[in-house]
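*Asks:* The following comprises the amino acid sequence and a computationally predicted model.
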There are 2 protein chains.
Amino acid sequence: MPVGTRATVKGVTTPQLRELGADVLLANTYHLFLRPGSDIVRDAGGLHAFMNWDRAILTDSGGFQVFSLADTLKVSDEGVEFRSILDGSRHRWTPEDNVQIQNDLGADIIMQLDECPPYPADKDRVATAVRRSAEWAARCKAAHRRQDQALFGIVQGGVYDDLRLESIERLVGLELSGFGIGGYSVGEPHELMLESLSVVAPAIPADKPRYLMGVGNPTSILEAVALGVDMFDCVLPTRTARTGTAFSSAGRMNLRNAQYARDFGPLDPQCTCSTCTQYSRAYLRHLVTMKEMLGAILLSVHNLHFLLDLTARAREAIEVNTYGEFLSAWRASPAANDY
Amino acid sequence: MPVGTRATVKGVTTPQLRELGADVLLANTYHLFLRPGSDIVRDAGGLHAFMNWDRAILTDSGGFQVFSLADTLKVSDEGVEFRSILDGSRHRWTPEDNVQIQNDLGADIIMQLDECPPYPADKDRVATAVRRSAEWAARCKAAHRRQDQALFGIVQGGVYDDLRLESIERLVGLELSGFGIGGYSVGEPHELMLESLSVVAPAIPADKPRYLMGVGNPTSILEAVALGVDMFDCVLPTRTARTGTAFSSAGRMNLRNAQYARDFGPLDPQCTCSTCTQYSRAYLRHLVTMKEMLGAILLSVHNLHFLLDLTARAREAIEVNTYGEFLSAWRASPAANDY
């Protein structure tokens, strides 16, 4: 899922996103609650109408931002109080408030409010977050009024396998539509995440989607798919594009590098996106070094294509039962060190 | 002509420009000479290949930038010495050097190197610029090696009608492909430009294109067309877009204005562009106030459409001999104060 934090995937129009084959976009409740306000999005007819996107949308709950970006003032079983990063204003969310906000935003998939402990955190702290998040999931479920929106719970538990399994057990009885897997990719080593995920992902009921939140490096995605994960989101494709960096079949490329000044070949010769088929490395380097908007636009399109194409090929391999070979070939490729 | 200073119309892809119906883009020799360098553009196969644009391109000579942006070190009959705005490096252009650079860039239309006096400037200074520019035009013509590129001269003379007419007379004998009209829109009052232009434009041979350089406000364009001008360029559509400003049939709109926060109607109800048919004022205001790239992109597309559509309708009116009525209707419209 390309990320459109403020109801826009940075630098990319919705017709371009359709052409790229994106099926689901992610938008951030925390940011949209602050600006323009969920009431304005509701009055516009919901996020689909507001941002002109007729395919699926998922909103996170904003829990991650409340605990990572914002000045968190108070967390209790009742809910959370925080300060806006924009103007310092104080806000208070119960799980019920948060569901109401997401009902107003009107995405197809909404996420429960959860508590996200930092990494590292001691086990008692994580255990509290697991218990509280499960109680909040039940309250979100009870408060949820729009049956056209699928509500996902979120598995917490940090890197403690027993707490992860407890978290899943607590959520399973709630008849939620899917499972977010939160609390990874928050600073822990890559290998530790995959090791933990190898216990966690298979423990989630196989008939519900498993969504690994905030993970978006190509190799991490493919390794997690092997462990049974179905959905991903990450700002990486567009954020790295704005710094002049491209995913490629040869690994990550920094287009500011002088070696590309007279390189008139395509960005990635193996890629079929509109950037690679129309523009050269030399032109992209010129745009990036001159800080031209078009550089960020063209690299965003390419990076989004790269991940959407990679996951499309992963799906195809799963369908014809060759995912093992597909993953082995990836691991042996020069792009594999991108995780 | 949309302006693509550094071989990119800021924020807009070349497929979008084709869809907008742009037939000619302008690129700036001064900027491209400095970065990436005209040798790199030449080695890429010229500007068309470098920026992926298969329709026409015009390059200015860079004279205007040398005299307005750069630290001009020395001007003599021989040529001009200046410092780069990017790194302070010193450069020297004779008219012959400048033609060689534009031959390398490979546009379809190239402009002579000229001397652009500031406004106001005393008559002696302007007279010198007129004489020198005409001599440089002859030297450009003699040095020009690519017969697939049309070379335009540039009429100077400030607001002195007799000098303007002398400038035209000096250029007419050189068998140039067209006439740029330079030295306007440099700070003089709008009315003074049109008054002067009413003498200057008709004095240029009617079988050659007349190109009013750097003028791009809707009303100025339509008034100048009435006086016989054929071509225009301006950064206005994209530059104002990046500040959140839109042309419209109701006059210029500042999308940062709070009055649009809950305005879910189209930007300009009379406009058929992809921005107006897909996105609301409220959404555009949200993007602009949040400084999202997509705001600048969508307003750039709209503003370019606005001027390209306006000039297309002006051409149609000329063809069916109703330009007088067309201009009267414009003058009576709320958009007419945009000049």
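*Replies:* Noted; the coordinates are in hand.
*Asks:* What residue, apart from its backbone neighbours, is nearest the closest residue to chain B within the stretch 101-250 of chain A spatially?
*Replies:* Among the residues of the stretch 101-250 of chain A, residue A:242 lies closest to chain B, at 8.5 Å counting by CB to the nearest CB. In this view, the C-beta of every residue, glycine as well, is placed from N, C-alpha and C. In space, residue A:242 comes closest to residue A:296 once its chain neighbours are excluded; the distance is 4.6 Å by CB to CB, 6 or more residues apart in numbering or on different chains.
*Asks:* list the buried ones in the top helix by length along chain A?
*Replies:* Longest helix in chain A by number of residues (criterion: DSSP state H): helix A:293-319. Buried residues in helix A:293-319, counting neighbours by 16 or more other CB atoms under 10 Å in any protein chain shown, are found at A:293-308, A:310-311, A:314, A:317.
*Asks:* what is the rounded mean pLDDT of it?
*Replies:* On average, the pLDDT along helix A:293-319 is 98.
*Asks:* Hey, what's the angle from it to helix B:293-319? Just curious.
*Replies:* Comparing the axes of helix A:293-319 and helix B:293-319 via axes from the mean of the first three to the mean of the last three CA atoms, to 10 degrees yields an angle of 110 degrees.
*Asks:* where along the stretch 101-250 of chain A do the strands fall?
*Replies:* Ranges of strands in the stretch 101-250 of chain A, per DSSP state E, counting those that start in this stretch, are A:109-111, A:150-155, A:178-181, A:210-212, A:231-232, A:245-246.
*Asks:* centroid residue for chain A?
*Replies:* The structure's chain A has its C-alpha centroid closest to residue A:233; by CA atoms, centre = their mean the separation is 2.2 Å.
*Asks:* Find the helix or strand that the residue lying farthest from the centre of chain A is a member of.
*Replies:* No residue in chain A sits farther from the centre than residue A:262, which is 35.9 Å out by CA atoms, centre = their mean. Residue A:262 is located outside every helix and strand, with elements delineated by DSSP states H and E.
*Asks:* circling back: dump the strands of the stretch 101-250 of chain A to JSON lines, plus mean pLDDT.
*Replies:* Putting the strands of the stretch 101-250 of chain A into JSON lines (pLDDT from 0 to 100) gives the following:
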{"stretch": "strand A:109-111", "mean pLDDT": "98"}
{"stretch": "strand A:150-155", "mean pLDDT": "98"}
{"stretch": "strand A:178-181", "mean pLDDT": "98"}
{"stretch": "strand A:210-212", "mean pLDDT": "98"}
{"stretch": "strand A:231-232", "mean pLDDT": "98"}
{"stretch": "strand A:245-246", "mean pLDDT": "98"}
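*Asks:* Format the ones you listed as CSV; extra columns: distance to chain B.
*Replies:* Conversion of the strands of the stretch 101-250 of chain A to CSV gives the following (distance: least, CB to the nearest CB, whole Å):
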stretch, distance to chain B
strand A:109-111, 21
strand A:150-155, 25
strand A:178-181, 26
strand A:210-212, 25
strand A:231-232, 23
strand A:245-246, 17
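*Asks:* near chain B, which residues of the stretch 201-339 of chain A?
*Replies:* Residues of the stretch 201-339 of chain A lying close to chain B (CB under 8 Å from any CB of the partner chain) are A:261-262, A:264, A:274, A:278-280, A:282-283, A:285-287, A:289-290, A:292-294, A:296-298.
*Asks:* Selecting buried members of the residues you listed in ChimeraX, what would you type?
*Replies:* Only the buried entries of those go into this ChimeraX selection, using 16+ other CB under 10 Å:
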select /A:262,274,278,279,280,282,283,285,286,287,289,290,292,293,294,296,297,298
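*Asks:* just to revisit the earlier point, would you enumerate the residues in contact with the residue farthest from the centre of chain A?
*Replies:* Taking CB atoms under 8 Å, 6 or more residues apart in numbering or on different chains as the criterion, residue A:262 is in contact with A:282, B:40, B:43.
*Asks:* Quick check on it: phi, psi?
*Replies:* In terms of degrees, to the nearest 10, the main-chain angles of residue A:262 are phi -120, psi 30.
*Asks:* Give me the pLDDT for it.
*Replies:* pLDDT at residue A:262 comes out at 98.
*Asks:* before we move on, what about residue A:163?
*Replies:* Listed pLDDT for residue A:163 reads 98.
*Asks:* Could you do residue A:190 as well?
*Replies:* 89.
*Asks:* what do you get for residue A:187?
*Replies:* 87.
*Asks:* Now for it: which residues touch it?
*Replies:* Residue A:187 is in contact with A:118, A:119, A:120, counting by CB under 8 Å, 6+ apart.
*Asks:* Any idea how many residues pack against the first one?
*Replies:* Other residues lying near residue A:118 total 13 when counted by other CB atoms under 10 Å in any protein chain shown.
*Asks:* Same check on the second one?
*Replies:* Using other CB under 10 Å, the number of residues around residue A:119 comes to 17.
*Asks:* That one touches residue A:188, doesn't it?
*Replies:* Yes: proximity of residue A:119 to residue A:188 meets the contact threshold set by CB atoms under 8 Å, at 5.0 Å.
*Asks:* Find the residues that touch each one of the two.
*Replies:* With CB under 8 Å, 6+ apart, residue A:119 and residue A:188 have common neighbours residue A:159.
*Asks:* which secondary structure elements does the worst-scoring helix or strand of chain A on mean pLDDT contact?
*Replies:* When each helix and strand of chain A is scored by mean pLDDT, DSSP states H and E, strand A:71-75 comes last, with a mean of 88. For strand A:71-75, the elements it packs on are strand A:80-83, judged by 3 or more CB pairs under 8 Å, 6 or more residues apart in numbering or on different chains; DSSP states H and E.
*Asks:* going on from the strand it packs on, what's the next piece of helix or strand?
*Replies:* Note on strand A:80-83: by DSSP H and E, the next helix or strand toward the C-terminus is strand A:90-93.
*Asks:* Report the contact partners of the nearest residue to residue A:215 once chain neighbours are set aside.
*Replies:* The shortest distance from residue A:215 to any non-neighbouring residue, by CB to CB, 6+ apart, is to residue A:185 (4.9 Å). Shown in contact with residue A:185 (CB under 8 Å, 6+ apart): A:193, A:213, A:214, A:215, A:220.
*Asks:* 7 Å instead, please
*Replies:* Residue A:185 sits next to A:193, A:214, A:215 when contact means CB atoms under 7 Å, 6 or more residues apart in numbering or on different chains.
*Asks:* between these, which has the most around it?
*Replies:* Neighbour counts for the contacts of residue A:185 (other CB under 10 Å) peak at residue A:193, which has 24 neighbours.
*Asks:* can you pull the pLDDT of the closest residue to it other than its chain neighbours?
*Replies:* Nearest in space to residue A:193, with sequence neighbours left out and distances taken as CB to CB, 6+ apart, is residue A:184 at 4.8 Å. At residue A:184, the pLDDT value in this model is 92.
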